[in-house]
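K.L.:
Build me a model from this:
(4 chains)
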4 protein chains.
Amino acid sequence: MSESFWRTGISQVKPGEIRISGYDIADLIRHGSFGDVVYLLFKGEWPQKGEGRLVEAILISSCEHSLAAPSTDATRLVASCGVPLPSAVAAGILAIGEFHAGAIETCARTLLEGLPDGETDLQGSATRLVEKVLARGERLLGFGHPVHHLDPRVGPLFDLAQELGLAARWVPFALEVERALQEKLKRKLPINVDGAIGALLLEMGLDWRVGKAFFVISRAAGLSAHYMEQVSRERPFKAARYDEIEYNGPSPRDLPPA
Amino acid sequence: MSESFWRTGISQVKPGEIRISGYDIADLIRHGSFGDVVYLLFKGEWPQKGEGRLVEAILISSCEHSLAAPSTDATRLVASCGVPLPSAVAAGILAIGEFHAGAIETCARTLLEGLPDGETDLQGSATRLVEKVLARGERLLGFGHPVHHLDPRVGPLFDLAQELGLAARWVPFALEVERALQEKLKRKLPINVDGAIGALLLEMGLDWRVGKAFFVISRAAGLSAHYMEQVSRERPFKAARYDEIEYNGPSPRDLPPA
Amino acid sequence: MSESFWRTGISQVKPGEIRISGYDIADLIRHGSFGDVVYLLFKGEWPQKGEGRLVEAILISSCEHSLAAPSTDATRLVASCGVPLPSAVAAGILAIGEFHAGAIETCARTLLEGLPDGETDLQGSATRLVEKVLARGERLLGFGHPVHHLDPRVGPLFDLAQELGLAARWVPFALEVERALQEKLKRKLPINVDGAIGALLLEMGLDWRVGKAFFVISRAAGLSAHYMEQVSRERPFKAARYDEIEYNGPSPRDLPPA
Amino acid sequence: MSESFWRTGISQVKPGEIRISGYDIADLIRHGSFGDVVYLLFKGEWPQKGEGRLVEAILISSCEHSLAAPSTDATRLVASCGVPLPSAVAAGILAIGEFHAGAIETCARTLLEGLPDGETDLQGSATRLVEKVLARGERLLGFGHPVHHLDPRVGPLFDLAQELGLAARWVPFALEVERALQEKLKRKLPINVDGAIGALLLEMGLDWRVGKAFFVISRAAGLSAHYMEQVSRERPFKAARYDEIEYNGPSPRDLPPA
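P.N.:
Residues are numbered from 1 along each chain as shown, chains lettered A, B, ... in the order given. The predicted structure is shown next:
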């Protein structure tokens, strides 16, 4: 393999030495949290004001949601088939898409659209954004949740961000959008964990395109735990029973004569 | 990339030319069936006596089993999350493991164990094999099916093999094992599609380790159809409802004081 | 699981009976080709004029392209790590995306855009389509190939389609687009296998969204063969060597004082 | 879905409430580290003596190893094909197998084999274990590394474990095995990061079968960073060039006459 086939600025490996963005892995193990290092991997710089702590909080908030998630159900089904843990966890990770944690990125992008650089009128911007998005016939992703009226993960995340000085612009703007949405819809659709994480990524100066990555890293933990539980406690080959599947296709018929 | 990083004897690509095992892709498209080419890919030689036709029959037999399969359920769940088709199909393929089509390989290996080269006493060998396997406390995989008492795919597969002269040793031996198993257990556990395919791989002189490959190729078709149906007819984010999940873990509790 | 959690019209499973779109699996095994059944899975109807033969040709054309494909390289790398075949094949399938076989769907959609129902002026429509697409700053996907000037798979596919009466509209239109593109660019970008398959899906009346599915099913065969070769002939843990990776990130540095 | 189709003791979800092993998600976000929660997910109990800090150190140690890993190379290849981040990360995760991080589990199991409950002679047990494993013709996995003579991650991990009182039995035993191995082989094969993590899992009272899970969670971070770098800095469709692949299969040949 020629030197130029692979190129990277993320880390460097030499005999006896591993450096991530220039920092010695031994120093990172000794002095960093996993949240610090995740931030470093995405940002290329060491956190300046507690972003690592906020990353940890985000990872905790998203790591597990019981079986009320397609990713977890997929992992459990695959785990029941006698495959290694990474296969079952990968199957669950593949469920992370536009309709499963995708609102992190969509919400962040929408917030960016609604509050251009230098704009200081958060309230007015929020009202205009909500009107614009609804006028396009779109939903405001990141607000409302199928199970939780008030998502129990949002408060602690926003509190911590506040404490760290990481709730300066996008967190208050997201809350203004929540308010404007309520005024428009005449009912409250509180910001959910996806929307909250979207706002927090922006507060930390991260690219919103890493939204799914946060969820992947985090949920890999919960999915791994479900794999362990499935293989240690449940029977193999978990599947729908043939007589509980509704069939709505063509009636029995014969092949046409050859 | 140096010339020696990658090596293969499967196919060769040059500008304007693709050859699989030496055969021109244009000739293969014109004169072969997909079954012929699958056989060629695994065996490295062109089929001599209709093996391609038998491969096709195997691929048809395994391509679809409604939602009564973990692979299909996993594909549908993942498909509901707004991801591309290959993600959802890959998730289903990951469910193919020891307990989902794994009996193809296990059965083939067991048949090989029970009938050494040159052994011509199929009946006695089958009786001894069944006794040996049961004495080890193992099950004879490839016999019996959770849904089908008589697996509707086995008869047509064995009939075709017979017709092609590909039922000379392993098919009759598998049927002797079925008989011996019935005598021992005092109930009939008919050979199922996995066991049948295991025997047919041996008849065609293929490595039994390709068993899961046959299932992967075949079921990729059914899984793809389920992806299309899921995204065109069903709602997003298919998951277990929170109130239909049985929770059997620790009761609510507080964190210990820091 | 309640009867309504899962619904499907693709197949029905009962004890001793499996039907795909109403047809008995035993009949399909006896009388169909795999291509017929793949067509049935996507279309819901039995092929009327040899579409199954064309599906087989498509599957053959795409099944293998040596290691000159990201999907194959990914499968080989994963296969080197001591994992089951489905894991390595799934990794390769995950590489099937917008830039790897994605042109099948894009090309089909572009052809549909350029030739509305009832339009009979193929030549003029092709010229207008090429101008429109280029004016949008887009490329015409499905034309030109990084390795093959003349893609060796296209001729045999189109010949067969012609023979079967399945080259009535979209094949000639694709060739008109090829001509118009050459006139516009002053160099020939011949239609490639992806573009050809895109046109053939339309000829068969299939939804263009199944384009990646065809490639997934087909390439699963080649990827499986590569898994077998990797594990039987090569050493474990295939990876780039640390001293052949170009590092272009930050220089060694110390963590800031805590 | 009936209440009994899905069962779990990992977490419980109700409207406005998420509890992991009984602990409120809001409390976990506020007071825990991600390492604490990962420990909780696998153990079902809150860490008692700093295990969460050790889990974090393990996650940091394994998160990134440049492109000198099959998982990373697979992720980059797949990322080059125009697919979402979870697809490319899943492909990398699928490379985690017996020969890629598998030594975590194998080493832990070997240590357990060599030092039964109640045995206090670490030195003699280590000598006997090394002799036994080598006599079986096996290698002692978790010792030696293809790139690092002295793995730079082991020292800081063991130092931290010592500091936390989590180096009481399995860490010293692993070091005894290292010593015994050196005596037997007459050269030093220092314990590597996989072996170290294997020992640390045992120190924390975790099931050694979670070894790959730790690596999956950790490496998901590095793989995600590589996805971002690939799609933002590199060209699409990364693959081996056709003229750099060594072909060693059959020469060009014609199909036999039909």
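K.L.:
gap between the residue nearest to A:Ala258 when sequence neighbours are not counted and chain D?
P.N.:
Leaving out its chain neighbours, the residue that sits closest to A:Ala258 by C-beta to C-beta, 6 or more residues apart in numbering or on different chains is C:His31, at 6.4 Å. Yep, even glycine has a C-beta here, placed from its N, CA and C like the rest. Separation of C:His31 from chain D (C-beta to the nearest C-beta, to the nearest Å) stands at 21 Å.
K.L.:
And for A:Phe215?
P.N.:
A:Phe215 is 8 Å from chain D, by C-beta to the nearest C-beta.
K.L.:
ok, now A:Ala220?
P.N.:
In terms of C-beta to the nearest C-beta, A:Ala220 sits 5 Å off from chain D.
K.L.:
A:Glu131 too?
P.N.:
Applying C-beta to the nearest C-beta to A:Glu131 and chain D gives a distance of 29 Å.
K.L.:
Make sure A:Ala225 is actually in contact with D:Gly44.
P.N.:
No: assessed by C-beta atoms under 8 Å, A:Ala225 is found out of contact with D:Gly44, at 9.1 Å.
K.L.:
out of these two, which sits in the more crowded spot?
P.N.:
Using other C-beta atoms under 10 Å in any protein chain shown as the criterion, A:Ala225 and D:Gly44 rank with A:Ala225 on top: 28 against 16.
K.L.:
ok, back up a step: residues near the residue nearest to A:Ala258, how many?
P.N.:
Neighbourhood size, C:His31 [other C-beta under 10 Å]: 17.
K.L.:
Show the model's pLDDT score for it.
P.N.:
On pLDDT, C:His31 comes in at 97.
K.L.:
same deal with the one 3 residues further on?
P.N.:
Per-residue confidence for C:Phe34 comes out at a pLDDT of 98.
K.L.:
all helices in chain A, in order from the N-terminus.
P.N.:
A:25-31, A:34-43, A:51-62, A:70-79, A:85-93, A:102-114, A:122-135, A:154-163, A:170-185, A:193-203, A:211-233 (DSSP state H).
K.L.:
can you list the ones you listed in CSV and add distance to C:Glu105?
P.N.:
Output for the helices of chain A, formatted as CSV (distance: least, C-beta to C-beta, whole Å):
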stretch, distance to C:Glu105
helix A:25-31, 43
helix A:34-43, 31
helix A:51-62, 32
helix A:70-79, 24
helix A:85-93, 24
helix A:102-114, 21
helix A:122-135, 29
helix A:154-163, 38
helix A:170-185, 35
helix A:193-203, 29
helix A:211-233, 22
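K.L.:
hang on, the earlier thing: who touches both of A:Ala225 and D:Gly44?
P.N.:
The overlap between the contact sets of A:Ala225 and D:Gly44 (C-beta atoms under 8 Å, 6 or more residues apart in numbering or on different chains) is empty.
K.L.:
For the residue lying closest to A:Arg253 once chain neighbours are set aside, give me phi and psi.
P.N.:
Distance criterion C-beta to C-beta, 6+ apart; nearest residue to A:Arg253, sequence neighbours excluded, is C:Gly22 at 4.2 Å. The phi/psi pair for C:Gly22 (degrees, to the nearest 10) reads phi 90, psi -20.
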